[in-house]
Each structure stands twice: as structure tokens, then as C-alpha cells.
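Colleague: Test case, fold it:
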Amino acid sequence: MNVSISTPNVETNLLNAKRFVLTTAILLVFSAMHAQRFSVQSFRQLPNDISAYIQPVKDLNDEACALIKIVGSRDFVFSTPLGVVKRKNDVGETWIYVPRGTTQITIKHPQWGVLRDYRFPSPLESRLTYELVLNAPVTMPRKRIPPIENTVVSYLRTYELPLQQLPTPEWQRPRRPKEKAAWLIIPSIGFHRQEVAGGIRLAWMRRHGIYLHVLSDFRTTPDTNGQECDKNGLLPGSDLPPYYTGKTEKSYYAFTAGGIHRIIGNFCLYEGIGYGTRTVVWQTDEGTYLRNSDYPSQGLAAEAGAMLRLRKLAFSVGAITTDGKYWMVNLGLGIRL
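Modeller: Numbering: from 1, shown residues only. Down below sits the predicted model:
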């Protein structure tokens, strides 16, 4: 007597298990595709909006900012490579002021993640208003999984798969926009004890620049025919000094050129080198003049100082020396073009 044993239950269970695994994998992929993410719906310039023009906000370079009106949740946080100068929460939108030349923005949300380095079509301009509309993420409705034989019925769960952000290549990183070029015309005055000299400083700069400075007391000394004396009045090879009337003539001039640099805000430093000369002559009772060889200085001139730019004005203070022997304190007040 032959007995045959069939195993339909085992084959059915294996088939159901395969269907369950395949269905679960499909649902996981579908859930990841519908994870909560936000996006930029639109970005445009508002040509008829003059908010940024009539109420400008200035950056550290004293330049008017661009205004972006962002339509979306107030929980968003914004940042740009050049910074955000000011943020204002208005009705239904958020206003942020950013420096001229901004090319991209990073948007963060405490629940919806990060949209990093969104690029604008072109660099933003001063005193112009733009609109950025953000789309809130659409939450996928929970769907009931069709029942499968001999399986447990479960509900779809939403999984948020973070996207790994690759570092931006060096050539794609935004560069700081060049500062607007400016001319500085600064009349100056120098002091050395009871001596005074006047001059003018001409400078051209962005963040860095160059300048030319000329300083003089606008005096000349009489011709000495090459005759000199020391600080004691003695002529070379003479043991007795001639008689002097006590009259002294002096002259001074210097010109320097160098660099000027904006350090922070409107605070600048400058340094330069050039040539300078100071001459001192004494008059004898015979009416002739002798050049004093100990008091004068002639040769390399060097100067350094600081400058503060306030809107259209510029203030400077520094020191200048000739051959390291003759020093002057130098003050300046001028205009910025």
C-alpha cells in the first residue's frame, strides 16, 4: 500500500513570505521618495517694490543692501557666504537684507532639514527687492497595506533618508565681490616742536589701495656755497667759531608712496616710503650762511598711520620720519569720492 504525503502548506508559506518581503521593499522605497522635504517654488525680482530703496540698510562697507522677501514659515533660518545684515519678520513673509553681490543662500528648518547653497540667477544688486517663495513639504498620507494570507497587516511608516552633502569644489565657491573703488583727497599738516608743514595725500582704494603723499614747509634756505659747521658752530679744521647773528633758516620737504588697507569696517592702516630732506643754516655776522651738518637730515623717508572713513569724510593720523632723525606727527582731514 503506497502512501503519498503532500506539502501544500509549506509551499504556500514560502510564497507568502516572498510576497511580504517584496511588498515591504517597495513600500520602503516609496516612503523614501515621499520623505518630508521643502523646496524653492520661485525666485524673482520685484521691479515695482521700492522697500529697499526708500529704507536702505547699510552693510559694513557702508553700501546699501539687497532685500529678499521670503514667503514661507517663520521657522526658516537663512545664511549666505557674505552674511545676513538684518532680518525682519513681516506679515506673511520674512525680510532679510544681504550685501550686494550675494550669489547663493542656505535655508534651514528645524524639522524639514536643509536646502544648501541655492544659487540665484545673477548676483543681487543694491537697493533692489526680490521675492523667494518656499514650498512646504507634502506629508504622504498613511495607507493601509492590503492583507496578505498568513501575514501580519501593518501600516506604512515614513522614513527620512538624509542626503549626504558633498563639499563644494574650490572653483565653485562664491568669491567675495570687489568693493567699490573710491578716491581719497586728504589735506595734511605735520608738527615737529614749533615747526609746521603742510601737504596733501591722494589715495585710490577698494579693500586695498595705493597713495601718494607730499609734505613741505614751503620754505627755502640761502645758498651756503658748500660751507658747513657743526652743532657747536665750528668750521671743519677750525678751533674758534665765527660770530653768529642768531638767525636760523630751515626748510623741509618729503614725498612718500605706499599702500593703504581696510582692516575692519571703515578702519584702515597705511604705510609708505620715499625721500625727505631737512636743512638748517646759521647766519654769521659777516652776512654769510653756514649749513649745520648735525641738525639736518636727508635720505629715506618712511611713514605709517591709521585712517577712519566716515561716509564722505576721511580722518588720518600718523608719523613720518626722515633718515630716522627727524620726526613729525601728521594729521589729515579730507573727502572720499
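
Colleague: Return the set of buried residues in stretch 197-212.
Modeller: 197, 199, 201, 203, 205, 209, 211 (16 or more other Cβ atoms under 10 Å). Heads up, the C-betas are built off the backbone N, CA and C, glycines and all.

Colleague: which helices and strands sit right next to the host helix or strand of the third one?
Modeller: If I follow you right, that is Arg201. Per DSSP states H and E: Arg201 is located in strand 195-205. Applying 3 or more Cβ pairs under 8 Å, 6 or more residues apart in numbering; DSSP states H and E, one finds that strand 195-205 makes contact with strand 182-192, strand 208-216, strand 244-264, strand 326-336.

Colleague: Alpha carbons of that strand, as PDB, please.
Modeller: What follows is strand 195-205, C-alpha atoms only, in PDB (Å, rounded to 0.1, in the frame of the first residue of the first chain):
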ATOM      1  CA  GLU A 195      57.800 123.700  13.200                       C
ATOM      2  CA  VAL A 196      54.800 123.100  10.900                       C
ATOM      3  CA  ALA A 197      54.500 121.600   7.500                       C
ATOM      4  CA  GLY A 198      51.500 121.200   5.100                       C
ATOM      5  CA  GLY A 199      50.800 118.700   2.400                       C
ATOM      6  CA  ILE A 200      48.200 116.600   0.600                       C
ATOM      7  CA  ARG A 201      47.600 112.800   0.300                       C
ATOM      8  CA  LEU A 202      45.900 111.300  -2.700                       C
ATOM      9  CA  ALA A 203      44.700 107.700  -2.400                       C
ATOM     10  CA  TRP A 204      42.800 105.200  -4.500                       C
ATOM     11  CA  MET A 205      41.500 102.000  -2.900                       C
END
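
Colleague: Dump the helices and strands packed on strand 195-205 to TSV, plus distance to Glu125 and mean pLDDT.
Modeller: As requested, those are exported to TSV (distance: least, Cβ to Cβ, whole Å; pLDDT from 0 to 100):
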stretch	distance to Glu125	mean pLDDT
strand 182-192	19	93
strand 208-216	24	95
strand 244-264	22	92
strand 326-336	22	93
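
Colleague: Adding distance to Gly287 as columns, could you present these in TSV?
Modeller: As requested, the helices and strands packed on strand 195-205 are exported to TSV (distance: least, Cβ to Cβ, whole Å):
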stretch	distance to Gly287
strand 182-192	28
strand 208-216	27
strand 244-264	8
strand 326-336	28
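
Colleague: wait, which of the buried residues of stretch 197-212 is closest to Thr284?
Modeller: Taking Cβ to Cβ as the measure, Thr284 lies nearest Ala197 of those, at 27.1 Å.

Colleague: In the stretch 101-250 of the chain, mark out all the helices, start to finish.
Modeller: For the stretch 101-250 of the chain, applying DSSP state H, counting those that start in this stretch gives no helices.

Colleague: mind listing the strands for the stretch 51-200 of the chain?
Modeller: Secondary structure of the stretch 51-200 of the chain by DSSP state E, counting those that start in this stretch: the strands cover 66-71, 77-79, 86-90, 93-98, 104-109, 113-119, 129-135, 182-192, 195-205.

Colleague: okay, those, which one's buried deepest?
Modeller: Of the strands of the stretch 51-200 of the chain, the one with the most neighbours on average (mean count of other Cβ atoms under 10 Å) is strand 66-71, at a mean of 22.

Colleague: Many thanks, I have nothing further to ask.
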